[in-house]
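Chemist: The amino acid sequence is not available; the structure is as follows:
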Ligand SMILES: Cc1ncc(COP(=O)(O)O)c(C=O)c1O
Ligand SMILES: [Zn+2]
């Protein structure tokens, strides 16, 4: 294991690695796992990865487990990075790609954070954890918790999509709904953490979820032959995925596995909940609580993210930006991805296509640039986003000719 310590993302205070920590006790900011990258550079040749199975555990040198055997796994795979030639030609992109996280266990990228977060929690002796969720994270953590034999307490908005709710339930989590937003769920979870001894698995309140999500960045670089694209667009709620991809790229650069240039990272939000976009436009370092948040892309309905300053730093440091898109555009792009490329993506993933179109039209993205859309989950988890009303035939009926 190459972990050296945990470091506060804001005040840089240092914490011992093999003990359970939540946020920085000095300033309240998230903690980040730090590795002895020079030692990895000296002792590990990345060509050794070629012999390893697909999936996030292949990057064990850059993950926090003391013993690889402690991994709690549901058979994670390296998700495909697909070229979208038909849609690209239609829209004017020559190198449009989509990383399809819908193929993860449970159908979303949340399984990456859960795989590493739950594995490390168990390795540290945690018996129970609590978390607020918009659905998918709770589902993934509940399923990995069941696999690990530890208890999950999950609180989610009553309006959250029903499938993730069912996943929590069937996996045996202690599940509660709140008549409110994820921020309200977070306050209830904080009470359970304080009074009932649960580990706090809220977004960025434990350091290991981000390590799992980091593996999206590792995979993109490996899939592109240890190069990076020009632009990565990410649907941003709490922002952990974007922060994780940024962390991965910085580590790879320090390892010398990729060159100096980093992709421009784009935080995509919905117009109905765009605190990070607002902060970005106003040149602020942190965001303000977004009132009356609402969007069809439920996973990115996060009115105030603990790691907002890290998202804003990541986009500033890479020359990226933040873009808000409408629900109508999201649903249109969801259908376009299905029609042109056979991809049934979640609304959050579709939002990245809407943002890419906006940025192409503004000249911020050039047609020949290598663009990666991050589709964070499968559309199968959101049946309510598809209105399907085909004509009903009586038995024995003929198909009417087209045009009738
Ligand atoms: C499908 C989907 N996409 C994106 C997000 C946002 O994730 P992050 O916290 O990394 O911004 C979520 C969070 O719930 C989600 O479920
Ligand atoms: Zn601190």
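Modeler: On my side now, so go ahead. Source: prediction; values computed, not measured. Numbering: from 1, shown residues only. Ligands and ions are numbered 1, 2, ... in the order given.

Chemist: and residue 99, what are its bridge partners?
Modeler: residue 81, residue 374 (DSSP bridges).

Chemist: how much space is there between it and residue 274?
Modeler: 23 Å (C-beta to C-beta, to the nearest Å). To be clear about C-beta, it is placed using only N, CA and C from the backbone, and glycine gets the same treatment.

Chemist: and if you look at residue 162?
Modeler: From residue 162 to residue 274 the distance is 26 Å (C-beta to C-beta).

Chemist: Residue 84 too?
Modeler: 25 Å.

Chemist: what do you get for residue 308?
Modeler: In terms of C-beta to C-beta, residue 308 sits 12 Å off from residue 274.

Chemist: which parts of the protein sit against ligand 2?
Modeler: 8, 10-11, 13, 24, 26-27, 29 (C-beta under 5 Å from the ion).

Chemist: for those, which one is nearest residue 403?
Modeler: residue 29 (62.5 Å; C-beta to C-beta).

Chemist: Dihedrals phi and psi, the closest residue to that closest one other than its chain neighbours?
Modeler: In this structure, residue 29 finds its nearest non-sequential neighbour in residue 10, 3.6 Å apart by C-beta to C-beta, 6 or more residues apart in numbering. With angles defined as degrees, to the nearest 10, residue 10 sits at phi -110, psi -60.

Chemist: How far does stretch 162-175 sit from its chain's centre?
Modeler: Taking C-alpha atoms, centre = their mean, to the nearest Å, one finds stretch 162-175 lying 20 Å from the centre of the chain it belongs to.

Chemist: Let me see the residues that make contact with it.
Modeler: With contact meaning C-beta atoms under 8 Å, 6 or more residues apart in numbering, stretch 162-175 is reached by 106, 133, 135-136, 138-139, 142-143, 145-146, 151-156, 177, 381-383.

Chemist: Narrow the residues of the chain next to ligand 2 to those in strands?
Modeler: residue 8 (DSSP state E).

Chemist: Compile the residues of the chain next to ligand 2 into a markdown table and extend it with columns for neighbour count, pLDDT and distance to residue 349.
Modeler: Formatted as a markdown table, these follow (neighbours: other C-beta atoms under 10 Å; pLDDT from 0 to 100; distance: C-beta to C-beta, whole Å):
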| residue | neighbour count | pLDDT | distance to residue 349 |
| --- | --- | --- | --- |
| 8 | 20 | 97 | 32 |
| 10 | 16 | 95 | 30 |
| 11 | 11 | 97 | 35 |
| 13 | 14 | 98 | 36 |
| 24 | 19 | 97 | 32 |
| 26 | 12 | 96 | 37 |
| 27 | 12 | 95 | 34 |
| 29 | 19 | 95 | 29 |
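
Chemist: Just name the closest of the residues of the chain next to ligand 2 to ligand 1, please.
Modeler: Nearest to ligand 1 among those is residue 29, at 16.3 Å by C-beta to the nearest ligand atom.

Chemist: Would you check how far apart that closest one and residue 239 are?
Modeler: Taken as C-beta to C-beta, the span from residue 29 to residue 239 is 13 Å.

Chemist: which residue does the stretch 201-350 of the chain bring closest to ligand 1?
Modeler: Closest point on the stretch 201-350 of the chain to ligand 1, by C-beta to the nearest ligand atom, is residue 299, at 2.4 Å.

Chemist: Is the closest residue to that residue other than its chain neighbours within a helix or a strand, and which one?
Modeler: Once flanking residues are discounted, residue 299 sits nearest to residue 348: 4.7 Å by C-beta to C-beta, 6+ apart. Taking DSSP states H and E as the criterion, residue 348 maps to helix 347-361.

Chemist: Neighbour count for residue 162 and residue 274, which is higher?
Modeler: residue 274 (24 against 12; other C-beta atoms under 10 Å).

Chemist: Does that one touch residue 324 like I think?
Modeler: Yes - checked against C-beta atoms under 8 Å, the pair residue 274 and residue 324 is within contact range at 4.0 Å.

Chemist: how about the residues of the stretch 101-250 of the chain near ligand 1?
Modeler: Those residues of the stretch 101-250 of the chain that sit near ligand 1, judged by C-beta under 6 Å from any ligand atom, are 108, 110, 134, 136-137, 203, 235-241.

Chemist: Kindly recompute the last result at 5 Å.
Modeler: 134, 136, 235-241 (C-beta under 5 Å from any ligand atom).

Chemist: and those residues, which of them are in strands?
Modeler: Filtering these for strands - DSSP E - leaves residue 235.

Chemist: Can you give me the buried ones in stretch 218-225?
Modeler: 218-224 (16 or more other C-beta atoms under 10 Å).

Chemist: ok, so of these, who is nearest residue 320?
Modeler: residue 220 (14.8 Å).

Chemist: and that closest one, what is it in contact with?
Modeler: So residue 220 contacts 81, 99, 228-229, 232, 245, 372 (C-beta under 8 Å, 6+ apart).

Chemist: Tell me who's in contact with residue 219.
Modeler: Contacts of residue 219 by C-beta under 8 Å, 6+ apart are 56, 78-79, 81, 99.

Chemist: Oops, could you answer that again for residue 212 instead?
Modeler: Counting by C-beta under 8 Å, 6+ apart, residue 212 has contacts 56, 63, 112-117, 244.

Chemist: Contact partners for residue 290?
Modeler: 273-275, 278, 303-304.

Chemist: got it, and residue 77?
Modeler: Contacts of residue 77 (C-beta under 8 Å, 6+ apart): 54-55, 103-104.

Chemist: out of those, which are buried?
Modeler: 55, 103-104.

Chemist: Quick check: of the residues you listed, which lies closest to residue 34?
Modeler: residue 55 (23.8 Å).

Chemist: Which residue is the nearest non-sequential neighbour of that closest one?
Modeler: Using C-beta to C-beta, 6+ apart, the closest residue to residue 55 is residue 76 (3.9 Å).
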